[in-house]
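>>> Quick check, what structure comes out for this input:
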Amino acid sequence: MASQLKVDTLTGVTTAGSIDVTGEGNSTTTNLQQGLCKHWIKFSSADHSTADSFNTTSITDNGTADTTITIANDMASANYSIGALGTDYHVTEKDYQGTDPTATLYRLFNFYVSGTSANRTANEEDRVYGHIFGDLA
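Residues are numbered from 1 along each chain as shown. Predicted structure coming up:
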């Protein structure tokens with residue numbers, strides 16, 4: 001018989017903010033908090049409008065295809081994972097490059113790549129997606 005659990009808050013027994021989930025095969029565990037996406041955003045690098053976001057304070061236009069994203073709730077350090085993707089249907093090859101992040105922000109540069117990575121052209125896109133996995137402060 002299937003059961004249903006309804007709760008507003010989950011709290012770990014040993015450490016309040018740490019809950020382990022048993023993985024497939026019952027042989028490993030995964031920490032629930034570390035597996036959650038801590039920030040995501042969908043924005044336009046052309047006009048720097050935000051379509052939707054989570055844990056984002058603001059975005060800043062630094063120039064052509066160059067955007068800084070400021071995180072609302074800081075990360076514990078600059079050692080987190082950033083993912084980014086853009087969808088400009090007029091180009092087929094893209095490269096997303098960022099500078100070293102801080103606990104409070106990260107920066108993305110959008111480039112169109114023609115042939116080799118040495119042939120880069122700044123490329124503003126209508127849909128850019130960014131996300132972070134890591135530990136919050």
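>>> tell me, how many neighbours does the residue nearest to residue 76 when sequence neighbours are not counted end up with?
Distance criterion C-beta to C-beta, 6 or more residues apart in numbering; nearest residue to residue 76, sequence neighbours excluded, is residue 135 at 4.1 Å. The C-beta positions use only the backbone N, C-alpha and C, and glycine is treated the same way. Number of residues near residue 135 (other C-beta atoms under 10 Å) recorded here: 13.
>>> same thing with residue 24?
7.
>>> so what's it up against?
Counting by C-beta atoms under 8 Å, 6 or more residues apart in numbering, residue 24 makes contact with nothing.
>>> residues in contact with the residue nearest to residue 76?
Taking C-beta under 8 Å, 6+ apart as the test, what residue 135 contacts is 33, 34, 38, 75, 76, 77, 80.
>>> Name the nearest of the residues you listed relative to residue 56.
Using C-beta to C-beta, residue 38 comes nearest to residue 56 of the contacts of residue 135, at 10.8 Å.
>>> give the contact list for the closest one.
55, 73, 75, 80, 132, 133, 134, 135, 136.
>>> any idea of the pLDDT on the third one?
Residue 75 carries a pLDDT value of 95.
>>> nearest residue to it other than its sequence neighbours?
Leaving aside its sequence neighbours, residue 75 sits nearest to residue 103 (C-beta to C-beta, 6+ apart; 4.7 Å).
>>> Hmm, that neighbour is touching residue 73, no?
No - counting by C-beta atoms under 8 Å, residue 73 is not a contact partner of residue 103; they are 10.1 Å apart.
>>> Looking only at neighbour counts, state which of the two leads.
The neighbour count for residue 103 versus residue 73, taken as other C-beta under 10 Å, is higher for residue 103 (17 against 12).
>>> Give me the secondary structure label for the more buried one.
Here residue 103 is recorded as coil under DSSP: H, G, I helix; E, B strand; the rest coil.
>>> Please list all residues in contact with it.
71, 74, 75, 76, 77, 78, 137.
>>> which among the contacts of residue 38 gets closest to residue 20?
Within those, the smallest distance to residue 20 is 15.4 Å, found for residue 135 (C-beta to C-beta).
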